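K.L.:
Below are the sequence and a predicted model for it; my questions follow.
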Amino acid sequence: MLTAAHILPRPPRPDQPACGHVLDPAGHRAPRAAPAPRGTMAAMTRGTPRRRKQPRSASGTPAPSTCPCGSGQPYAACCGRFHSGVALAPTAEALMRSRYSAFAVRDEGYLLRTWHPRTRPAGVAFAAGLGWTGLEIEATEAGSAFHARGVVRFRAHFTDGGRAGVLRERSRFEREAGAWVYVDGDIDP
Ligand SMILES: [Zn+2]
């Protein structure tokens, strides 16, 4: 679990999403204490299928000029190539970065098709007020063009209702029919 040290103090939120994945209800009892995210980055926005009611993809969101993954490249030349299907992420790290960017631009279709069929949810519900503001890759294991599996450790920065926080996660990836897909992850590894 994340500790309060990982995210800034914040007041209780009455508008906690019904999916219950985003914030720790126990945190609401401590004045000014920071409710910690309950799960992985994926779990923070995973919910019951509400595809038709949620922003569905990058097509409904203005494309950012600079890629959200922090590469410094234009979005269209970086993760945007993978989101549009022009190219496949060649490594587990590239897929991780592109999925982070997909959360940032709310591209549900990309998130679902890069999710392993074994663990893929029926849909992705993007929590209102939750925005992804930066990514730091801490370490990678395997995950190259010569591997079938890979692990990426990262820190994902976010703001939730205007408050900044950081999620640390160790994500596992596998190659499925030649393409890298996300399997699952551990928080605060
Ligand atoms: Zn990118």
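P.N.:
Yep, that arrived. Residues are numbered from 1 along each chain as shown.

K.L.:
For the rest of this, base every contact and every neighbour count on C-alpha atoms.
P.N.:
Noted.

K.L.:
correct me, but Ile137 touches Arg153?
P.N.:
Yes - between Ile137 and Arg153 there is a contact at 6.2 Å, judged by C-alpha atoms under 8 Å.

K.L.:
higher neighbour count, the two?
P.N.:
Arg153 (23 against 17; other C-alpha atoms under 10 Å).

K.L.:
how close does the more buried one get to the ion?
P.N.:
16 Å (C-alpha to the ion, to the nearest Å).

K.L.:
which non-adjacent residue is nearest that residue?
P.N.:
Arg170 (4.3 Å; C-alpha to C-alpha, 6 or more residues apart in numbering).

K.L.:
what is that neighbour paired to in the beta sheet?
P.N.:
Arg153, Asp186 (DSSP bridges).

K.L.:
What is the burial count for Glu108?
P.N.:
Neighbour number of Glu108 under other C-alpha under 10 Å is 22.

K.L.:
Number the chain from 805, please
P.N.:
Will do, 805 is the new start, and the previous item becomes Glu912.

K.L.:
coming back round to it: which ones are touching the residue nearest to Arg957?
P.N.:
Under the criterion of C-alpha atoms under 8 Å, 6 or more residues apart in numbering, the neighbours of Arg974 are Val955, Val956, Arg957, Phe958, Gly989, Asp990, Ile991, Asp992, Pro993.

K.L.:
Check what pLDDT Met848 gets.
P.N.:
Met848 is assigned a pLDDT of 76 by the prediction.
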